[in-house]
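Peer 1: Give me the fold of what follows.
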Amino acid sequence: MKHSRGIFALTSALALCLSACTVTVEARSSGSSPSPAGGGSVGSSTPSPAPTPAQTSPAGAVATSDLANILARADYPSGIDLQVIPSITLNKALSQAKNLLKGVKTDPEVCAELTQTAMSRSTSGFNLAVAISEPTKSPQISVGLLSSADPSALDRQISDDKAQVTLCKTATMTVQGVTISLKAVEVSSATRLPGAYSYATTMTLPGRAPQVTVQTTAVVSGLMVRASVIGDDATQGASEAGQLVDAVAAAVTGPNS
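Peer 2: The predicted model follows:
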């Protein structure tokens, strides 16, 4: 489970979409507890902001703690409880994903190049906060919020997604002798936000049923929102991802923003 989730994160072209399994394993190993978001039942009723990341924060970007607070106060759809990941834990998970990438053989090779470029862009010059669902829940959900002092950097993130889906409609990734089949396709966005982009990645591991991950990305008020839903149905995943993006967008533009 941990490796399959991590592999998906590498193909997602954005580090904030690291899976619930990977991030939760890091949280437990570091002794940190995620903060409840959007009315989550874990911990106190007042969400705690994520601490400032260890790396230098890009000048002019919205602070990581403010991004975490937006995710924490978002009014998510009924039945969805998300937890904000402490930034120190998230940074460890991002480092883990980069290390995993080094051991992955991708065919065609251009897909590996695109993934490395997207990973580099998404972890440089951005402030980032992520909220995830419990790893035992289905579907598994993650929502990320990014800020950059350079607005064009957000547009490049969406361009990275489109390029990867166009050039890597089918691909294979081999990790520790296990070959995973990947198929990517653009899907209709269910969010109300203009300029949003959604795509579905079907991942098949030997001896397992296919797993479908839908990601929807949009920019609102100079911030990038990305929702990831991991399940078994692309249409349902697109609908849920759109609702999640809209919920975070409403928190960004709401009276408490």
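Peer 1: tell me the mean pLDDT for the host helix or strand of Thr174?
Peer 2: Taking DSSP states H and E as the definition, one finds Thr174 inside strand 170-175. The average pLDDT within strand 170-175 is 86.
Peer 1: and it, how far out from the chain's middle?
Peer 2: 20 Å (Cα atoms, centre = their mean, to the nearest Å).
Peer 1: List the buried residues for the helix or strand following it?
Peer 2: Scanning forward in sequence from strand 170-175 by DSSP H and E, the next helix or strand is strand 178-187. By neighbour count on 16 or more other Cβ atoms under 10 Å, the buried set for strand 178-187 is 180, 182, 184, 187. C-beta here means a position set from N, CA and C on the backbone, and glycine is covered the same way.
Peer 1: What pairs with the strand holding Thr174, parallel or antiparallel?
Peer 2: Looking at strand 170-175 with DSSP bridges, its partner strands are strand 105-107 (antiparallel), strand 178-187 (antiparallel).
Peer 1: For Val220, find the nearest of these.
Peer 2: strand 178-187 (20.0 Å; Cβ to Cβ).
Peer 1: how about that closest one as CSV, C-alpha atoms only?
Peer 2: What follows is strand 178-187, C-alpha atoms only, in CSV (Å, rounded to 0.1, in the frame of the first residue of the first chain):
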residue,chain,number,x,y,z
VAL,A,178,7.2,-4.7,-9.7
THR,A,179,5.8,-3.1,-12.9
ILE,A,180,2.8,-0.9,-12.6
SER,A,181,0.6,0.0,-15.6
LEU,A,182,-0.7,3.6,-15.8
LYS,A,183,-3.4,5.2,-18.0
ALA,A,184,-4.2,8.9,-17.9
VAL,A,185,-7.2,10.7,-19.5
GLU,A,186,-8.7,14.1,-19.1
VAL,A,187,-12.1,14.2,-17.5
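Peer 1: before we move on, the earlier item: what would the strands paired with strand 170-175 look like in TSV with mean pLDDT and distance to Val143?
Peer 2: TSV is the format used below for the strands paired with strand 170-175 (pLDDT from 0 to 100; distance: least, Cβ to Cβ, whole Å):
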stretch	mean pLDDT	distance to Val143
strand 105-107	86	27
strand 178-187	90	18
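Peer 1: Quick one, which of those gets closest to Thr213.
Peer 2: Comparing the strands paired with strand 170-175 by Cβ to Cβ, strand 178-187 comes nearest, at 9.6 Å.
Peer 1: How far does that closest one sit from its chain's centre?
Peer 2: 17 Å.
Peer 1: what element comes up after it heading to the C-terminus?
Peer 2: strand 197-204.
Peer 1: which outside residues touch that next one?
Peer 2: Strand 197-204 has contacts (Cβ atoms under 8 Å, 6 or more residues apart in numbering) with 4, 7-8, 11-12, 158, 161-162, 165, 180-191, 210-218, 234, 237-238, 241-242.
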